[in-house]
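S.K.: next one to model:
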Amino acid sequence: MPTDLSDIRNIGITAHIDAGKTTTTERMLFYTGIIHRMGEVHDGNTVMDWMEQERERGITITSACTTIFWKNHQINIIDTPGHVDFTAEVERSLRVLDGAVGIFCAVGGVEPQSETVWHQADRYHVPRIAYVNKMDRIGADFLNVVDMIQERLTVNALPVQLPLGQEDDFSGIIDLISRKVYRFDQTTLGVNYHQEKLPEIYRDQVETFRNKLLEKLADYDDNLLAKLLDEQPVSEEEINAVLRKATIDHQFVPILCGSSLRNIGVQLLLDAITGYLPSPREVPPTRGIISNTGEKVDIFPEFNREFAALAFKVQIDKFVGKNIYIRVYSGIIKRSSAIINQRTGKRERISRLLQVHSNKKKDVQELRAGDIGVLVGPKDIYTGDTLTSEGFNLLLDTISFPDAVISEAIEPRTKADQDILKDALSKMEEEDPTFKVAQNKDTGQTLISGMGELHLEIIVDRLRREFGVQVNVGNPQVSYKESINNKVSSTGEFIREMAGKGQYAVVEMTLSPLKLQDLPAGKKNIFVNRINEDIIPREFWPAIETGALNSCLDGPLMSSPVERVKIELVGGKYNEVDSSDTAFSIAASLAVSQALRKAEAVIMEPLMLVNVVTPDEFVGDIIGDINSRRGKIDTIRKNQNKQEVVADIPMSELIGYATQLRSISQGRAVHTIEYLRHEKVSTSIQEKILKKVRGY
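M.R.: As a prediction, the model looks like this:
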């Protein structure tokens, strides 16, 4: 284990489904000596795709962590899913990473999910390297992918490598910085590789791209600019130093190439990870708040500071128990030590510390600043919790996840399965922040909700295999929300005697609609206090806010959550003897419930961003089908010999869309669907939804 933080890299592997993330990670494990035999995704025997569902489908479902060592550097890798239904795995991984490798297919280029993940990384300011994989495939076009990256993702991306040939002729990598060719010995599965002199036929092309690279880098370094203007030679070390600085500062994205399946270029990618991506010390310090004072502080990754970590993932292991994945931001945690969960204020004892390699885990004595590892022992730690040493009242920014958009009713087939199902759903809800379990108050049915049909399909499959529960599942249902269209006021009173003690509280509330852009990040509604302590004492204010916001969980139209509402406390009364937190919480809840019933309530339906990539001849039929589904076309753009159609379509119109798209395109179109936002529906659509929900 490195003793210097500058030798650690925490990186993620991100991409569209089937771009080669898991295959690339598998090669990294092989070339660094972690495994001695490479698995293949198509054979279902890779290390990183360890779930049965992943191996059967050939896709990554859950983010898998591993640690490798390359040229005196420790690289902690998270291999993330490429399917939009599992976007939570990408979101929480990017929250704790210092750098990322975006993998692109040399044929498909910038595909819909790779674009989504790229913008997720933008939100977290994660430095990136782009790796164009599958250069050996028919239709591979490196320069076309470079153009797509520059057009759709960032103009600050340029190649630092060129392919030596492409498709069947792809045989090596040209390094623009050294002007050397790298060839990989296939008899040793690419383990042995060597440098060669650049063939003369490539000389002009290499000089053209090398000069473009130097001109771009000169924008970020005055010394390099001066040397170029004076026509002085620039060393490889100088170029790499500027390239590293520009990448870490989010000013540049190096583009590499290779074929992971053919064992070409992966070692050079590892060199780029250690050479261009930042160590924990080279990224800005994470921000936190001292909870008892509200003071904002910077947390630096130093071993000799107070311990602070973020729990970014929870996994229930039937043999070990609850595994809590953490990123340590400062200090050291040792085995058998105690920590504080800042959400609960509870002291938790750590029984084991683990270093993770996919689904295998190795005991370690300590985890230090910059590390990603696993805690075993605590029962009451959840995703997004801040963990600290005792006496350190720090809160780190938590992780926000999108809301579920689709639901299914689920029930056990036998009475014996009932308790097992309840326990299994509770464990999976704890693991996955985008998976929700609820009871329908009208029918008593158990509803499971998630990010898409595949997400729920995997949940049901896991129930059967992992927990041995046989279940019946209903048809998919859309997860609606509610809001209001007008401003209303209401008074809530709770004046009565309970258990021989008087209860007295009166609150006056005003509710008004909000636009999505007016809401602070992570907030569903806003509570504003317009009164002073003469009207209602300060001690009751938190109870009023809690009661008001909790009342928004049950809307007047279809008992869906109410969002985008501004709740203002404008008046009230109290009694010095009989007023209590309970009384004010109930009064506030009554006031909001009455106001919602008085208001012009409106249903909000989930709107999905749909990307369809199709051969030209099916574009007209696909657009016509989108229009028939109340879809709105955003973009139609050419992608080599195909067209990409981007549209916003209500989720209710997308049930079974995959089957219809296969029929329209003869199975040749591919698509992705991701959640965009909830949007208010028209009066006519609302009437149809209510008739369907109420069964008439």
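S.K.: from L243, how far off is the residue nearest the centre of the chain?
M.R.: The chain has E91 as the residue nearest its centroid, 1.6 Å off, counting by Cα atoms, centre = their mean. Going from E91 to L243 by Cβ to Cβ, to the nearest Å gives 29 Å. Glycine gets a C-beta too; all of them are placed from N, C-alpha and C.
S.K.: tally of neighbours for the residue nearest to E539 when sequence neighbours are not counted?
M.R.: Nearest residue to E539 in three dimensions, chain neighbours excluded: D581, at 7.9 Å (Cβ to Cβ, 6 or more residues apart in numbering). Summarising burial for D581: neighbours were counted as other Cβ atoms under 10 Å, giving 16.
S.K.: in contact with D581, which residues?
M.R.: Neighbouring residues of D581 by Cβ atoms under 8 Å, 6 or more residues apart in numbering: E539, F540, P542, A543.
S.K.: residue ranges of the helices in the stretch 51-200 of the chain, please?
M.R.: Using DSSP state H, counting those that start in this stretch, the helices of the stretch 51-200 of the chain run over 52-57, 87-96, 112-123, 142-152.
S.K.: wait, which of these is closest to R629?
M.R.: helix 112-123 (17.8 Å; Cβ to Cβ).
S.K.: show me what the closest one is packed against.
M.R.: strand 8-15, helix 87-96, strand 99-105, strand 670-680 (3 or more Cβ pairs under 8 Å, 6 or more residues apart in numbering; DSSP states H and E).
S.K.: what angle do the longest one and helix 112-123 make?
M.R.: For strand 670-680 against helix 112-123, the angle by axes from the mean of the first three to the mean of the last three Cα atoms, to 10 degrees is 50 degrees.
S.K.: what's strand 670-680 packed up against?
M.R.: helix 112-123, strand 601-615, helix 657-665.
S.K.: quick check: H194 touching R183?
M.R.: Yes. The pair H194 / R183 is scored as a contact, 6.2 Å apart, by Cβ atoms under 8 Å.
S.K.: so for the two, which sits in the more crowded spot?
M.R.: Counted by other Cβ under 10 Å, H194 and R183 do not tie: R183 has more neighbours, with 16 against 11.
S.K.: average pLDDT across the helix or strand harbouring L269?
M.R.: Assigned by DSSP states H and E, L269 belongs to helix 266-276. Mean pLDDT, helix 266-276: 96.
S.K.: what residues of that helix count as buried?
M.R.: Neighbour counts using 16 or more other Cβ atoms under 10 Å place V266, Q267, L268, L269, L270, D271, A272, I273, T274, G275, Y276 of helix 266-276 among the buried residues.
S.K.: how much space separates the nearest residue to R183 once chain neighbours are set aside from R210?
M.R.: Closest residue to R183 in three dimensions, ignoring its sequence neighbours and counting by Cβ to Cβ, 6+ apart: G172, at 4.3 Å. Remark: distance between G172 and R210 (Cβ to Cβ) = 17 Å.
S.K.: can you check Q503 too?
M.R.: 79 Å.
S.K.: could you do V506 as well?
M.R.: 76 Å.
S.K.: then L569?
M.R.: From L569 to R210 the distance is 65 Å (Cβ to Cβ).
S.K.: before we move on, back to that, quick check: which of the helices and strands packed on helix 112-123 is nearest to D518?
M.R.: strand 670-680 (13.5 Å).
S.K.: the closest one vs strand 601-615, what angle?
M.R.: If you take the same axes, to 10 degrees, strand 670-680 sits at 160 degrees to strand 601-615.
S.K.: okay, buried residues for strand 670-680 please.
M.R.: V670, H671, T672, I673, E674, Y675, L676, H678, K680.
S.K.: average pLDDT for that strand?
M.R.: On average, strand 670-680 scores 85.
S.K.: cool, and stretch 158-171?
M.R.: 92.
S.K.: list the contacts of it.
M.R.: So stretch 158-171 is contacted by 106, 135-142, 146, 172-177, 181, 183, 202, 205-206, 209, 212-213, 216, 243, 252-257, 259, 262, 264-265, 268, 272 (Cβ under 8 Å, 6+ apart).
S.K.: please, which helix or strand holds Q418?
M.R.: Going by DSSP H and E, Q418 is part of helix 416-431.
S.K.: ok, now M509?
M.R.: strand 501-513.
S.K.: chain center to stretch 322-330, what's the gap?
M.R.: 17 Å (Cα atoms, centre = their mean, to the nearest Å).
S.K.: low-scoring stretches of this structure, by residue?
M.R.: The model of the chain has pLDDT under 70 over residues 1-3, 36-64, 81-88, 318-319, 357-360, 441-443, 640, 694-696.
S.K.: what's the longest helix in it?
M.R.: Longest helix of the chain, by residue count under DSSP state H: helix 581-598.
S.K.: please identify the buried residues of that helix?
M.R.: By 16+ other Cβ under 10 Å, the buried positions in helix 581-598 come out as 581, 583-596.
S.K.: and of those, the nearest to G624?
M.R.: Closest to G624 out of those is L596 (39.6 Å), distances taken as Cβ to Cβ.
S.K.: in the stretch 101-250 of the chain, which spans are strands?
M.R.: Taking DSSP state E, counting those that start in this stretch, the strands of the stretch 101-250 of the chain run over residues 128-133, 157-159, 161-164, 172-175, 180-184, 193-197.
S.K.: first-to-last residue distance for stretch 297-305?
M.R.: Distance across stretch 297-305, first residue to last, is 13 Å (Cα to Cα, to the nearest Å).
S.K.: quick one: residues in contact with it.
M.R.: Identification of contacts with stretch 297-305 by Cβ under 8 Å, 6+ apart yields 5, 280-281, 285-290, 308, 329-332, 368-370, 394, 396.
S.K.: returning to what we had before: please identify the deepest-packed of the helices of the stretch 51-200 of the chain.
M.R.: Most buried of the helices of the stretch 51-200 of the chain by mean neighbour count (mean count of other Cβ atoms under 10 Å) is helix 87-96; its value is a mean of 24.
S.K.: and that one, what does it pack onto?
M.R.: Helix 87-96 packs on strand 8-15, helix 112-123, strand 308-317, going by 3+ Cβ pairs under 8 Å, 6+ apart.
S.K.: using PDB, list the CA coordinates for that helix.
M.R.: The C-alpha coordinates for helix 87-96 follow below in PDB (Å, rounded to 0.1, in the frame of the first residue of the first chain):
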ATOM      1  CA  THR A  87     -28.000   5.400 -13.000                       C
ATOM      2  CA  ALA A  88     -27.900   5.500  -9.100                       C
ATOM      3  CA  GLU A  89     -24.800   3.300  -9.300                       C
ATOM      4  CA  VAL A  90     -23.100   5.900 -11.500                       C
ATOM      5  CA  GLU A  91     -24.300   8.800  -9.500                       C
ATOM      6  CA  ARG A  92     -23.000   7.600  -6.200                       C
ATOM      7  CA  SER A  93     -19.700   6.400  -7.700                       C
ATOM      8  CA  LEU A  94     -19.000   9.800  -9.300                       C
ATOM      9  CA  ARG A  95     -19.700  11.500  -6.000                       C
ATOM     10  CA  VAL A  96     -16.600   9.800  -4.400                       C
END
